[in-house]
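Below are the sequence and a predicted model; questions follow.
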Amino acid sequence: MDSSYRRYRKYQENRYRYKVDQIAAPIAMILVIGVITKYGWIIAAIILVTVIVKCSEKSNKKKIPKEQRIVCTTDIGTEYKENMHYQKEEIEIMSTTETGYINKNNQRNNGKTSKPGTDYGQWFYDMECLNCGHKYHANGSNIYEKKCPSCQVNSQSKREGTIKNSTERGYVNKNSQRNNGKTSMPGTGNGQWFYDIECLNCGNKIMQTNMMCG
């Protein structure tokens, strides 16, 4: 009984839907035909303009010459070189105590330490030689002129006729202390003179007599 009733209900629904479609379809067709008849030229114009625009875009893409692509590549290379040049200029105008500063001797400032320097009001800075990788400390006041202690000692030891006399200018002792030359000040010992001594590790400069240069 239930199945017969359900089939009947389904039949009624389908019949109703069929009648609605029979009425709605002609009405919809009439409306569409009316719109096309009244605004057909506008619709045709829009379609035509769209087709023309798409065709022109495709033709423009095909007309791009290879020379322009080469020029673009050249421009990218030129722009890269200019950026590198600007980066070098930024490094050159950096303060010597700024992290990342590189001086003329290829020594880089890796940042300020917590250790007070030997010069008044100065601090030690971590330095790194970009040639050999040696790391050492330097006063903030002479970062701009620092040279790598390791490179200096190595070049000194490799030089023919290594300086062995402690009073000779350029002599470097075992503690990486370099004699920068004789001063005009008499030393404390009899017949002695003061010499400018520089620590190659920290850059501290002092005066010592020739008896103490070693």
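Arrived safely.

Shouldn't residue 31 be within a helix?
Yes. Judged by DSSP: H, G, I helix; E, B strand; the rest coil, residue 31 forms part of a helix.

Report how many residues lie close to residue 124.
20 (other Cβ atoms under 10 Å). (C-beta placed from N, C-alpha, C; glycine too.)

My read is that it contacts residue 136, right?
No. In terms of Cβ atoms under 8 Å, residue 124 does not count as a neighbour of residue 136; the distance is 9.6 Å.

residues shared between the contacts of these two?
Common neighbours of residue 124 and residue 136 (criterion: Cβ atoms under 8 Å, 6 or more residues apart in numbering): residue 202.

would you list every one of the helices in this structure?
Applying DSSP state H to the chain gives helices spanning 2-62, 66-92, 149-158.

what about the protein, any weak spots by pLDDT?
For the chain, residues meeting the criterion pLDDT under 70 lie at 1-2, 62-93, 155-164, 210-214.

repeat that with 90
Low-confidence segments of the chain, defined by pLDDT under 90, span residues 1-49, 51-97, 116-123, 133, 139-142, 144-145, 149-214.

mind checking how far residue 33 is from residue 123?
Distance, residue 33 to residue 123, by Cβ to Cβ, to the nearest Å: 90 Å.

hang on, I meant residue 22
Taking Cβ to Cβ as the criterion, residue 22 is separated from residue 123 by 96 Å.
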